[in-house]
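Structure of the sequence below:
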Amino acid sequence: MQSRRYDPAGVSVRSWLIVLMTIALTGCVRAQDVRHLTPSECVEIALERHGDVRMADYRRNQAEAVYDEARTFRLPTFRVSASYRRLSSNVTTFTLDENVFDGDTTPIQDLNFDASLQDQYAVRGDVEQTLFSAGQTRSQIEAEHQLTLAQEHRASAVRRNVAHRVRLAYWSLVAAEASRDVARSARREVDEQLRVTRARYRQGMALRSDVLALEARASELRAEQRNADAAVASGRRLLSDRMGLDQGVIVRPTTRTFPLRPIRETTSELFAVAVAMRPDLEAEDHTVSAWRNRSRANRRARWPTISLVGSYVYARPNLAMFPQEDRFQGTWEVGVQMNVDLWDWNRQGHRAQQFEATWMEAREQQRQMRRRIRLQVADAVEEVHRSVDVLHAARERKRAAAEVFRVMRRRHAEGVALTTEVLSSERAYREARYATVEAEARYAQAHAGLDLAVGKPPSTPE
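Reported below is the predicted structural model:
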């Protein structure tokens with residue numbers, strides 16, 4: 001058999017490669033963006049970065065621009081136009097060579113009609129101010145104002161929904177990390193018990209079946225830990241997405257428990273609070289008012305509109321002057337104008353039916369939303385009460401299972417309890433810990449649902 005020679009250079013190269021790889025991996029770990037955040041801090045980041053919030057702001061800005069445009073309907077309109085025309089060369093010039101007399105039979109100069117002014121220039125300025133529109137303009141402006149307010153409240157509702165989804169994802173991540181900690185702790189305990197049992201088996205103080213049972217439980221816990229790690233990674237991705245962060249950002253919750261907050265108000269009182277604070281209901285109220293004003297404006301469109309009009313023309317030649325001369329001249333006029341549609345094939349009637357139907361639909365949506373809010377508040381209150389009961393029961397079960405597991409481990413160490421009994425108590429204790437984690441997350445999410453149902457602002461601290 002040929003022996004392998006010692007190569008100091010090769011060992012040195014391998015050592016440097018290992019050192020460089022360790023430094024590179026350490027740099028990659030440090031390069032990760034890890035943020036330790038509370039639920040309120042996560043909500044603040046989401047309200048700044050989430051796409052739904054930005055889209056709601058864009059829709060609000062659009063509604064404000066339409067409202068600003070509608071407000072200009074009361075202001076005068078100014079128009080300026082300029083033109084240049086060139087006539088054909090076959091237009092001739094003629095002179096009235098007969099004597100033209102006025103009423104006193106006094107001869108006046110001959111009139112020259114020069115129609116051959118081929119180059120014609122004109123600048124015209126017009127102004128129009130509506131004097132009377134039967135309230136149509138006022139109703140249109142008020143309709144756009146109400147739609148702007150509706151979009152503002154919808155944007156506020158979007159912010160509350162984003163905050164609610166962030167809180168749900170936050171507490172789901174807290175539950176996933178707590179379940180992972182439970183799995184890791186249980187695995188360490190079983191691994192330690194397996195090590196002791198193997199040592200006792202080698203000494204002839206334990207059975208082979210005890211070792212096999214512990215090995216099976218250790219394999220089961222390794223699978224549970226892998227599932228728990230996957231759940232944590234999935235929860236972090238979900239929370240980062242709902243916060244509008246990149247997937248490379250790691251969020252670590254700093255708030256692990258949610259304090260017990262008893263509900264002192266009745267369901268009717270909470271419903272009254274929701275009616276006063278829910279922005280989506282306010283949005284529906286303003287939408288109903290907007291369509292009512294649009295319907296009113298459409299009915300008033302049948303009335304005539306009266307406007308003050310004026311114009312000034314500066315042209316060469318000026319067609320308002322007689323005779324026409326090859327020079328720039330200015331003229332102006334002021335008057336009152338009335339417009340009314342005598343017959344439009346009932347287009348106004350069809351539009352009236354459309355606006356009336358939309359108005360009625362908005363009112364029905366408003367009533368349906370009030371019913372849904374009442375049901376949401378009642379369901380949220382019941383969910384909080386149920387989650388409190390489940391949480392108390394889970395904590396009591398956890399304390400009892402912990403005591404049983406402690407006693408079984410002591411009895412097993414004394415040799416008066418079987419390994420299967422210890423494993424059964426360990427499983428019961430682990431399941432009780434899982435149940436407690438889920439109950440705590442459910443309680444926190446139930447309160448988040450209640451805050452959403454009553455219209456709690458997203459900036460309110462937990």
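
Please work out which residues outside stretch 165-173 touch it.
By Cβ atoms under 8 Å, 6 or more residues apart in numbering, the list of residues contacting stretch 165-173 from outside reads 39, 42-43, 46, 232, 235-236, 238-239, 242-243, 251, 253, 258, 441, 444-445, 448. Heads up, the C-betas are built off the backbone N, CA and C, glycines and all.

Over to stretch 210-223?
Around stretch 210-223, the neighbours that count as contacts under Cβ under 8 Å, 6+ apart are 183, 186-187, 190-191, 193-194, 197-198, 201, 418-420, 423, 426.

pLDDT below threshold where in the stretch 1-150 of the chain?
Low-confidence segments of the stretch 1-150 of the chain, defined by pLDDT under 70: 1-32, 91-116.

all helices for it, in order.
Per DSSP state H, counting those that start in this stretch, the stretch 1-150 of the chain carries helices over the ranges 8-31, 39-49, 51-71, 136-202.

Dump the ones you listed to TSV, plus distance to residue 209.
TSV is the format used below for these (distance: least, Cβ to Cβ, whole Å):
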stretch	distance to residue 209
helix 8-31	43
helix 39-49	48
helix 51-71	58
helix 136-202	10
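
could I get the ones you listed as CSV with mean neighbour count?
Formatted as CSV, the helices of the stretch 1-150 of the chain follow (neighbours: other Cβ atoms under 10 Å):
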stretch, mean neighbour count
helix 8-31, 10
helix 39-49, 20
helix 51-71, 15
helix 136-202, 20
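
quick one, which of those is nearest to residue 312?
Evaluated over the helices of the stretch 1-150 of the chain, closeness to residue 312 peaks at helix 136-202, with 25.8 Å, by Cβ to Cβ.

Filter the contacts of stretch 165-173 down to the ones in helices?
39, 42-43, 46, 232, 235-236, 238-239, 242-243, 441, 444-445, 448 (DSSP state H).

Name all residues that make contact with the residue positioned nearest the centre of the chain.
Residue closest to the average C-alpha location in the chain (Cα atoms, centre = their mean): residue 52, at 2.7 Å. Taking Cβ under 8 Å, 6+ apart, we find residue 52 in contact with 158, 161, 162.

The nearest residue to residue 365 once chain neighbours are set aside: what's it in contact with?
For residue 365, ignoring the flanking residues on the chain, the nearest one in space by Cβ to Cβ, 6 or more residues apart in numbering is residue 284 at 5.9 Å. Neighbour list for residue 284: 150, 362, 365, 366, 369 [criterion: Cβ under 8 Å, 6+ apart].

wait, doesn't the last one sit right on residue 282?
Translated: residue 369. No: Residue 369 is beyond contact range of residue 282, at 10.4 Å (criterion: Cβ atoms under 8 Å).

who has more neighbours, these two?
Ranked by neighbour count (other Cβ atoms under 10 Å), residue 369 and residue 282 place residue 282 first, with 20 against 17.

wait, is that one part of a strand?
No: Residue 282 sits outside any strand when classified using DSSP: H, G, I helix; E, B strand; the rest coil, being helix.

On the pLDDT front, check it for me.
In this prediction, residue 282 carries a pLDDT score of 95.

which residue packs closest to it, ignoring adjacent ones?
Nearest residue to residue 282, sequence neighbours excluded (Cβ to Cβ, 6+ apart): residue 153, at 4.2 Å.

ok, so what distance separates the one you found from residue 262?
30 Å (Cβ to Cβ, to the nearest Å).

ok, now residue 126?
71 Å.

And these two? Which one has more around it.
Ranked by neighbour count (other Cβ under 10 Å), residue 126 and residue 262 place residue 126 first, with 15 against 7.

what pairs with that one across the strands?
Counting by DSSP bridges, residue 126 is bridged to residue 79, residue 311.

Isn't it up against residue 307?
No: with contacts counted by Cβ under 8 Å, residue 126 stays clear of residue 307, the gap being 11.1 Å.

May I ask which helix or strand encompasses residue 342?
For residue 342, there is no host helix or strand (DSSP states H and E).

so where is the stretch 201-350 of the chain shaky, pLDDT-wise?
For the stretch 201-350 of the chain, no range has pLDDT under 70.

Helices of that one, start to end?
Taking DSSP H, counting those that start in this stretch, the helices of the stretch 201-350 of the chain run over residues 208-243, 267-277, 279-300, 347-414.

who wins for proximity to residue 319 among the ones you listed?
Of those, nearest to residue 319 by Cβ to Cβ is helix 347-414, at 35.9 Å.

Mind giving me the packing neighbours of the closest one?
For helix 347-414, the packing partners by 3 or more Cβ pairs under 8 Å, 6 or more residues apart in numbering; DSSP states H and E come out as helix 267-277, helix 279-300, helix 419-454.

can you list these in CSV and add distance to residue 394?
As requested, the helices and strands packed on helix 347-414 are exported to CSV (distance: least, Cβ to Cβ, whole Å):
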stretch, distance to residue 394
helix 267-277, 25
helix 279-300, 34
helix 419-454, 4
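
and residue 312, what is it in contact with?
124, 125, 330, 331, 332.

Farthest pair within those?
Maximum pairwise distance among those (Cβ to Cβ): 11.5 Å, between 125 and 331.

Now the common contact residues for these two.
Any residue near both residue 125 and residue 331 by Cβ under 8 Å, 6+ apart counts here, and that gives 312, 313.

Contacts for stretch 69-84, please.
Under Cβ under 8 Å, 6+ apart, the answer for stretch 69-84 is 119-130, 137, 140-141, 143-145.

This completes my enquiry, with thanks.
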